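> Need a 3D model of the following:
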Amino acid sequence: MAETDTAAVANRSDSDDIVVKLKARMIDHAFPLWSTEGWDRTTGGFVDRLTPEGLADRLAPRRVFVQARQIHCFAKGAQLGWYPQGREIALEGLDFLLAKAKSPDGQPGFVHTLAHDGNILDPRRDTYDHAFVILALASAYALDRDAQIRAEIDALCCYLDAELRSPHGGFLEGSPASMPRRQNPQMHLFEAMIAAFDATHDTVFQNRAGDFFALFLANLYDKQKQVLGEYFEDDWSKIEPVSVEPGHHAEWVWLLKGFERITGCPTGRYRGELLNSALRYRDDAGCLIDEGDANGNIRRYSRRCWPQAEIAKAWIAQAESGEAGAADEARAALVRLERHYLSHPVAGGWYDAFDGEGRSTVATIPASSFYHVLCAASEAEAVLG
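Numbers count the residues shown, from 1 in each chain. I've put the predicted structure just below:
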C-alpha cells in the first residue's frame, strides 16, 4: 500500500473511533484526576491548576469562574452517567462556592478571586464570573431540582438586573464598571440562560436568552463583514481596529443552535456565516489561532486548547442540523484536539497553549479547560454517537 494511502487509512481510523476515545478519556482519566488532585480536601473547593507533573498547585489563587466550571463539569458527568460520583463532588463544590465566594464581605454578588485558604483575594464583582455561577447553579439544580438552588439562581439574576444591567443593553463588565465592553460575558450569560431553561423549563430564561440574541443581532455581530467583535464602547459601538477571536465565533455557533432548540427561532444563517468566518483563521495544522482582524488576516498565530474544542462543537451543531459533511468535519476537529492538546504525559491533563512555532507556552495544566473539553466530548457522543 502506498504511503499516502496508509496515512489516509490511519486518519480515517482515528476519526472513526475518536468519539469513543474521548469519552473513555473523560471517564477513565479526567474525572478521576480532577476529583482527586483537582479537589482540595483540606480547605475544600477545586484547585485552579495542576503542576506539569499532574500534582495540585494548592497555593495558586482560586478563580471563582473556575470553581463554577468544575461544579458544572462534575454535575454534567453525573447526569450523563459517565461519573456518578460527580453528583456529590458538584454539590460539595457548590457548598464551598456559596460559603466562601458569595457576599463574604457583606456586599451582594460573588467575589472574583479567592486565596488558597478561601479568603478574599479580589473582591470585584465580575459579570463573566457570574455567568458561570448561574451555569453551575443550573447544572446542580438539574441533578435534584433542589428549591434552594433554584432560589439562588433567581437571586443572582435579580442581582444582575439591579446592579449590573446596562442602559445600552446587556450587562456591564462588573462592579466597579470598567471598559472596554466585551462580548464574552454576554455570550456566557446567553449560555447560562439556555442552561437555566433546560434545567427549570421556566420561560423566563427563554426570554432572558432572547435578550442576548437580540444584543448579538443589534450590536455584537457585523452582518456586512460577518464577524463577531470582541471590544466595544459603552454604547456598543465598535472599537477599531476590530479584534476577532475565531474560537468565540465557533462558540456562538453552538450556542445559537441551543437557542434555536429551546425557542424554535431559526439561527441557521448566522451559524453558517460565523462558522465560515472562523475557518479563515487557521494554521497549517488546521487549528484555530487566537486572534485575527475583521478582514480575515491573522494577528496572533498562538493557539489555545479551548478554541479547538469549540470548533468541534460548532461542527457538531451543524451536523445535528443536517449539514452535509459536518459530522466528518467534527470528527476531524476532535482528532486535532486529541492529537495536539490531550495527548499529555499526565493522563486526564492537557496542554493549554502553543505559540506559532508549536511550542507549549503554559507549563501548568489549568482546570478551566475541563469545561470546554468535556462539553466537546459529551456533544460528540450525543450527536455523532
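> Quick one: low-confidence residue ranges for the stretch 1-150 of the chain.
1-13 (pLDDT under 70).
> Helices of that one, residue ranges please.
All helices of the stretch 1-150 of the chain, identified by DSSP state H, counting those that start in this stretch, fall at 3-25, 31-36, 64-80, 86-100, 127-144, 147-159.
> can those go into TSV with extra columns for mean neighbour count and distance to residue 241?
In short, each C-beta sits where N, CA and C put it, glycine included. Formatted as TSV, those follow (neighbours: other CB atoms under 10 Å; distance: least, CB to CB, whole Å):
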stretch	mean neighbour count	distance to residue 241
helix 3-25	14	37
helix 31-36	19	39
helix 64-80	26	28
helix 86-100	20	38
helix 127-144	24	23
helix 147-159	16	35
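> Would you state the strands of the stretch 201-350 of the chain in chain order?
Secondary structure of the stretch 201-350 of the chain (DSSP state E, counting those that start in this stretch): strands at 221-222, 227-228, 231-232, 243-244, 291-293, 298-300, 303-304.
> between the ones you listed, which gets nearest to residue 53?
Shortest separation from residue 53 across the strands of the stretch 201-350 of the chain is recorded for strand 303-304, at 21.7 Å, computed as CB to CB.
> Give the pairing partners of that closest one; include direction for each.
strand 353-354 (antiparallel) (DSSP bridges).
> now what about the partner strand, what contacts it?
With contact meaning CB atoms under 8 Å, 6 or more residues apart in numbering, strand 353-354 is reached by 302, 303, 304, 305, 340, 360, 361, 362.
> Tell me the one among those nearest to residue 161.
Closest to residue 161, out of all of the contacts of strand 353-354 and judged by CB to CB, is residue 304, at 32.4 Å.
> Could you find the closest non-adjacent residue to the closest one?
residue 353 (4.9 Å; CB to CB, 6 or more residues apart in numbering).
> how deep is the one you found tucked in, by neighbour count?
By the criterion of other CB atoms under 10 Å, residue 353 has 17 neighbours.
> Is it possible to mark the buried ones in the contacts of strand 353-354?
Buried members of the contacts of strand 353-354, scored by 16 or more other CB atoms under 10 Å, are 302, 303, 304, 305, 340, 362.
> can the strands of the stretch 201-350 of the chain go into CSV with extra columns for distance to residue 201 and mean pLDDT?
Below are these laid out as CSV (distance: least, CB to CB, whole Å; pLDDT from 0 to 100):
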stretch, distance to residue 201, mean pLDDT
strand 221-222, 28, 98
strand 227-228, 29, 98
strand 231-232, 33, 98
strand 243-244, 36, 98
strand 291-293, 38, 98
strand 298-300, 42, 97
strand 303-304, 34, 98
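> Please render these as JSON lines that adds distance to residue 203 to the earlier fields.
Conversion of those to JSON lines gives the following (distance: least, CB to CB, whole Å):
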{"stretch": "strand 221-222", "distance to residue 203": "25"}
{"stretch": "strand 227-228", "distance to residue 203": "27"}
{"stretch": "strand 231-232", "distance to residue 203": "29"}
{"stretch": "strand 243-244", "distance to residue 203": "34"}
{"stretch": "strand 291-293", "distance to residue 203": "37"}
{"stretch": "strand 298-300", "distance to residue 203": "41"}
{"stretch": "strand 303-304", "distance to residue 203": "36"}
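> Would you mind finding the most buried of those strands?
strand 227-228 (a mean of 26; mean count of other CB atoms under 10 Å).
> by contact count, what packs against that one?
strand 221-222, helix 246-263, helix 268-278 (3 or more CB pairs under 8 Å, 6 or more residues apart in numbering; DSSP states H and E).
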